[in-house]
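> Whatever this is, show me its structure:
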Amino acid sequence: MNDFSSRLIAWQKQYGRHDLPWQNTTDPYAIWVSEIMLQQTQVSAVIGYYQRFMTRFPTIAALANATQDEVLQHWSGLGYYSRARNLHNAAQTIMNEHKGKFPQAFDTIQTLPGIGRSTAAAIASFAFNQVQTILDGNVKRVLARHFAIAGWPGSPKIEKSLWAMAESLLPKTDMVAYTQGLMDLGATLCTRNKPACTACPLSSTCAALAQDRVHALPTPKPKKIIPIKRTIMLILLHGDEVMLQKRPSSGIWGGLWSFPEVENHQGITYALSQLGVIAHPDRALPILNHAFTHFKLQITPLIMCVSQQKPHTKETGTLWLPLSDTMNAAIPAPVRTIVKQILRETRSK
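Residues are numbered from 1 along each chain as shown. Next comes the predicted model:
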């Protein structure tokens, strides 16, 4: 065993995390769900969602047999909703093509929707004790600093060199402790900001520390101008009910329930006719800014009072819910924020 992995394993066994809800199990389903939730999301934010999700969908079969609405409802607020759709689709694939049993072959795991090389490696390591290397954002940061690898880790050239480096460090035993150690080190000590180098088990051989380049590595992603998009959300209130509209299965918030949207005020009249309602504007709520990976969305919530619902609505995929009940629906985070604000205003009157 090389010095890097042996020190990391020893540190993880003594100081690493051992009591997370998805640890101390070899159940590939439980591990898989946790790994998908942990993609681009911090552990602290995942724990509650994971526990509720596993209570509602305790097995692959339970997840596969659920509707997409149910799955998205239990994912609502966690973000990156394609993860939930892929999880659901993959569960159905496992039931239909693998007789309901999570596949053990590393290459086969990667064929499931939403599972890439690093996620597959984590599942294979934790569930099946296979010797496979992970390379998520935390691990990239650890390796870039320890070996002073300059260049943005997301570029194909740098990523290729990091994969090669990660594979060369693999131990032949203690894969669970090693894999968890990489995750723990990046999440708790070798953090993006304020890294705790004095407590790091690898500090004596860390090239970035020796060269005083810890804060310069990994090389940041080249900056580019992030575009701003604008939308008006129509909060159509009829008594104590509000209209929700199901979003297309692809794109942002795919498959979730949201408020109808228009690009500008000129589009409101046509939208109302398509939705089959007669309504008049009441008031606009403060603009809400929501950031996505590739753009920022500026939302103007416009409350409209519905005076009449036409008997034949042209628009499909809509429903009316009591405003308070929408909090239990599969809605995106900004919609949840808007509903909370309206409910607060209603209760204070």
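> wait, Gly79 sits on Arg336?
No - here Gly79 lies out of contact with Arg336, judged by CB atoms under 8 Å, at a distance of 11.5 Å. Placement of C-beta: from N, CA and C, glycine included.
> Just list the residues touching Ile331, thanks.
Ile331 sits next to Ser76, Leu244, Leu256, Trp257, Ser258, Val339 when contact means CB atoms under 8 Å, 6 or more residues apart in numbering.
> Look at the first one and say how many residues are nearby.
Neighbour count of Ser76, defined by other CB atoms under 10 Å: 23.
> so it sits right up against Ser258, yeah?
No - using CB under 8 Å as the test, Ser76 is too far from Ser258 to be in contact (11.0 Å).
> Common neighbours of those two, please.
Residues touching both Ser76 and Ser258 (CB under 8 Å, 6+ apart) are Ile331, Pro332.
> In strands only, show me the contacts of Ile331.
Leu244, Trp257, Ser258 (DSSP state E).
> ok, then the element right after the lengthiest strand in the chain?
Taking DSSP E as the criterion, the chain has its longest strand at strand 296-309. On the C-terminal side of strand 296-309, the closest following helix or strand by DSSP states H and E is strand 318-322.
> Name the helix or strand for Thr269, please.
Per DSSP H and E: Thr269 is located in helix 268-275.
> and the closest residue to Asp174 other than its chain neighbours, how many neighbours does it have?
Excluding its sequence neighbours, the residue lying closest to Asp174 (CB to CB, 6 or more residues apart in numbering) is Ile9, at 4.8 Å. Neighbourhood size, Ile9 [other CB under 10 Å]: 23.
> Would you check how far apart Ile9 and Ala271 are?
According to CB to CB, to the nearest Å, Ile9 and Ala271 sit 59 Å apart.
> List the residues that contact the residue positioned nearest the centre of the chain.
Central residue of the chain (CA atoms, centre = their mean): Tyr80, 4.3 Å from the mean position. Going by CB under 8 Å, 6+ apart, Tyr80 touches Gln39, Gln40, Thr41.
> wait, isn't Gly181 in contact with Leu8?
Yes - using CB under 8 Å, Gly181 is in contact with Leu8, at 4.3 Å.
> who's more crowded, those two?
Taking neighbours as other CB under 10 Å, Gly181 and Leu8 compare with Leu8 leading, 27 against 24.
> Provide a list of residues in contact with the more buried one.
So Leu8 contacts Tyr178, Gly181, Leu182, Leu185, Pro201, Leu202 (CB under 8 Å, 6+ apart).
> Now tabulate those residues in a markdown table and tack on pLDDT, secondary structure and distance to Pro220.
Listed next are these as a markdown table, based on pLDDT from 0 to 100; DSSP: H, G, I helix; E, B strand; the rest coil; distance: CB to CB, whole Å:
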| residue | pLDDT | secondary structure | distance to Pro220 |
| --- | --- | --- | --- |
| Tyr178 | 96 | helix | 28 |
| Gly181 | 96 | helix | 25 |
| Leu182 | 96 | helix | 21 |
| Leu185 | 96 | helix | 20 |
| Pro201 | 97 | coil | 26 |
| Leu202 | 97 | coil | 22 |
